[in-house]
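*Asks:* Structure for this input, please:
(one chain, ligands or ions: 1)
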Amino acid sequence: MEFKSINQLKSLLEENKISVKEIAETYIRKINEKKDLNIFIYFDEDKINEQVKEIEKLPNNKKLKGIPIAVKDLFCTKKMPTTAGSKILENFHPTYESFVTQKLINEGSMFVGKTNLDEFAMGSATNTSYFGNTINPLSKKGVPLAPGGSSGGSAAAVAADLCLGSTGTDTGGSIRQPASFCGVVGIKPTYGLCSRWGIAAFASSLDQAGVFSKNVKDASILLEAIAGHDERDSTSSKVEIPNYSQNLNPDLNGKIIGIPKEYTLDGISDEINMVWENAINSLEKKGAKIKNISLAHTKYALPTYYIIAPAEASSNLARYDGVKYGFRSKDVNSLDEMYELTRSEGFGKEVKRRILIGTYVLSAGYYDAYYLKAQKVRKLIANDFIETFKECDFILTPTAPSAAFPLNEKQDDPIKMYLNDVFTVPASLAGIPGISIPYGKDKNGLPLGIQLLGKHFNEQEIINAAFALEKDYE
Ligand code: GLN
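*Replies:* Predicted coordinates:
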């Protein structure tokens, strides 16, 4: 049994054709059947059954009553442990609920488990997790593929039909790239739309929560559930949250779509360019006008990101020292040794690399040359978008430079791995919203995503355009 959308399952529930208990049983069975994909770090049947009783009591007007949702294991949850994919938080039981997950609980959703991710969300293949790789459910026999990352478990959970929606976080592409690799919809909202409170911090000026779903309408339903102001996050915006799902409108007549010339790379496959072309043609047919644009500083986005993100990470991760919570190394002889061994044993290779890079670019002699310079370039990248949006309504680009790659590929070459983010980091640095939807396939039948970027807090515009494009594949 496969449910196609949130509204379909909601109607069945309201018409008493299915009970909350039956939904729980269905998804417990599905998850058990796909255990070898290693999608969940935490999954406990009893925890799902406990929620059934609570959800049954809720009125039917709760927007997500009984809807199975998977939660990236970076969001603190009171009733389930939270690891951030790291040994250092292996036995961490938060005493509070993140803003985003609390909003989902308030609307009646059923958490099926906590999904696997790259350690502290650092990665593009869900292979830096202390809890092992997640396997992309679209893998063909014999060649396990990466689901993308860092929210690879959440994207894979939707693709494998183990939930109807999931939460993710996107610092440099961690929602959009795995959405593209797994053939699902993923939206990264404007920085500040969803509170970061209760999400383990990676790079605070970039981290944004968002969602994965099977279709654009479901993404809009989930987004309106998790967005909103929160005084516990000083960067949380006070903008009014539109009713995205009710305002869905595929009419693109007269819209101007920017096509940036910088979003193509040497060596990028013809298939990706073809998918991009097809989407451009489709938008034109739907009445939109195409405008060729230039985002001149795009080429500096990747190096800029890989200075700013590690810098902030090195500061954010200083709190994991074995003193108050989390893993602590045993058999130590001094306080210094306790710190040293705890952090050496508790963090994986990629996290340590980022801490080292971050500490380096923030250190006295290099601060101006790296960190300060990167901040200036970040501003130029953001300005490019602001100027461009004076002339167009949204921007269309490919989401990622490749389809899902084999699990063991790029593993030993961080630079190759970082290149995954080339089309997603500019929007992250600018803080603008982006959505990735599946649009076509490569020669091996693997999905390829396209990305729509919009003005700050204009999620509706890109959701509508994605909604229109999605219809090409219905
Ligand atoms: N792949 C990028 C990185 O490793 C982005 C990660 C993210 O968005 N959390 O930093």
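*Asks:* can I assume A84 is in contact with E119?
*Replies:* Yes - shown here, A84 and E119 form a contact pair, counting by CB atoms under 8 Å, at 6.9 Å. Quick note: C-beta positions are derived from backbone N, CA and C, even for glycine.
*Asks:* Can you show me the helices along the stretch 51-200 of the chain?
*Replies:* Counting by DSSP state H, counting those that start in this stretch, the stretch 51-200 of the chain has helices at residues 99-106, 152-159, 176-182.
*Asks:* can you tell me which of these comes nearest to the ligand?
*Replies:* In terms of CB to the nearest ligand atom, the element of the helices of the stretch 51-200 of the chain nearest to the ligand is helix 176-182, at 7.0 Å.
*Asks:* hmm, the closest one in reach of the ligand?
*Replies:* No - judged by CB under 6 Å from any ligand atom, helix 176-182 and the ligand are separated, with a smallest distance of 7.0 Å.
*Asks:* for that helix, packing partners?
*Replies:* If you count contacts as 3 or more CB pairs under 8 Å, 6 or more residues apart in numbering; DSSP states H and E, helix 176-182 packs onto helix 152-159, strand 185-188, strand 434-441, strand 447-453.
*Asks:* what about the residue of the chain most remote from its centre, distance to the ligand?
*Replies:* Residue farthest from the centre of the chain, counting by CA atoms, centre = their mean, is N333 at 41.2 Å. Applying CB to the nearest ligand atom, to the nearest Å, the value for N333 to the ligand is 35 Å.
*Asks:* Also P144?
*Replies:* P144 is 20 Å from the ligand, by CB to the nearest ligand atom.
*Asks:* quick one, which of A84 and E119 is more surrounded?
*Replies:* Between A84 and E119, counted using other CB atoms under 10 Å, A84 has the larger neighbour count: 31 against 28.
*Asks:* The more buried one: what's its closest spatial neighbour, skipping adjacent residues?
*Replies:* Spatially, and ignoring its direct neighbours in sequence, A84 is nearest to A200 (4.3 Å; CB to CB, 6 or more residues apart in numbering).
*Asks:* Just to check, the one you found is in contact with T77?
*Replies:* No - shown here, A200 and T77 do not form a contact pair, counting by CB under 8 Å, at 11.6 Å.
*Asks:* neighbour-wise, which of these two wins?
*Replies:* The neighbour comparison of A200 against T77 (other CB under 10 Å) goes to A200, with 28 against 22.
*Asks:* ok, that one - contacts?
*Replies:* By CB atoms under 8 Å, 6 or more residues apart in numbering, the contact list for A200 reads 74, 76, 82, 84, 89, 120-121.
*Asks:* tell me the phi and psi of it?
*Replies:* Main-chain torsions, A200, degrees, to the nearest 10: phi -60, psi 130.
*Asks:* What does the pLDDT read for it?
*Replies:* Looking at A200, its pLDDT stands at 98.
*Asks:* How much space separates it from the ligand?
*Replies:* In terms of CB to the nearest ligand atom, A200 sits 11 Å off from the ligand.
*Asks:* ok now do the residue of the stretch 301-450 of the chain found nearest the ligand, which residues does it touch?
*Replies:* Nearest residue of the stretch 301-450 of the chain to the ligand: D421, at 4.7 Å (CB to the nearest ligand atom). Contacts for D421 (CB under 8 Å, 6+ apart) come out as 124, 172-173, 177, 302, 305.
*Asks:* Get me the contact residues on the stretch 101-250 of the chain for the ligand.
*Replies:* Applying CB under 6 Å from any ligand atom, we find that the stretch 101-250 of the chain lies next to the ligand at 121-124, 150, 170-174, 202.
*Asks:* out of the residues you listed, which is most surrounded?
*Replies:* Per-residue neighbour counts (other CB under 10 Å) across those peak at S174, which has 36 neighbours.
*Asks:* Tell me the helices and strands packed up against the strand or helix carrying S11.
*Replies:* Assigned by DSSP states H and E, S11 belongs to helix 6-14. Other helices and strands packing on helix 6-14, by 3+ CB pairs under 8 Å, 6+ apart, are helix 20-33, helix 216-226.
*Asks:* With mean pLDDT added, can I get the ones you listed in a markdown table?
*Replies:* Converted to a markdown table, the helices and strands packed on helix 6-14 look like this (pLDDT from 0 to 100):
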| stretch | mean pLDDT |
| --- | --- |
| helix 20-33 | 98 |
| helix 216-226 | 98 |
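*Asks:* What residues does E262 make contact with?
*Replies:* Contacts of E262 by CB under 8 Å, 6+ apart are 294-296, 298-299.
*Asks:* try it again with 10 Å
*Replies:* 293-299, 301, 384, 397, 422-423, 426 (CB atoms under 10 Å, 6 or more residues apart in numbering).
*Asks:* from those, which would you call buried?
*Replies:* Buried members of the contacts of E262, counted by 16 or more other CB atoms under 10 Å: 293, 295-298, 301, 384, 397, 422-423, 426.
*Asks:* Would you check which pair of those lies furthest apart?
*Replies:* Maximum pairwise distance among those (CB to CB): 17.5 Å, between I293 and V422.
*Asks:* what's near enough to touch the closest residue to K286 other than its chain neighbours?
*Replies:* Distances taken as CB to CB, 6+ apart place L252 nearest to K286, at 4.5 Å, with adjacent residues excluded. Neighbour list for L252: 282-289, 393-394, 464-465, 467-469 [criterion: CB under 10 Å, 6+ apart].
*Asks:* same question, M122
*Replies:* Residues counted as contacts of M122 (CB under 10 Å, 6+ apart) are 84-86, 128, 149-150, 171-172, 174, 202-203, 309-310, 313, 317, 348, 350-351, 353-355, 417.
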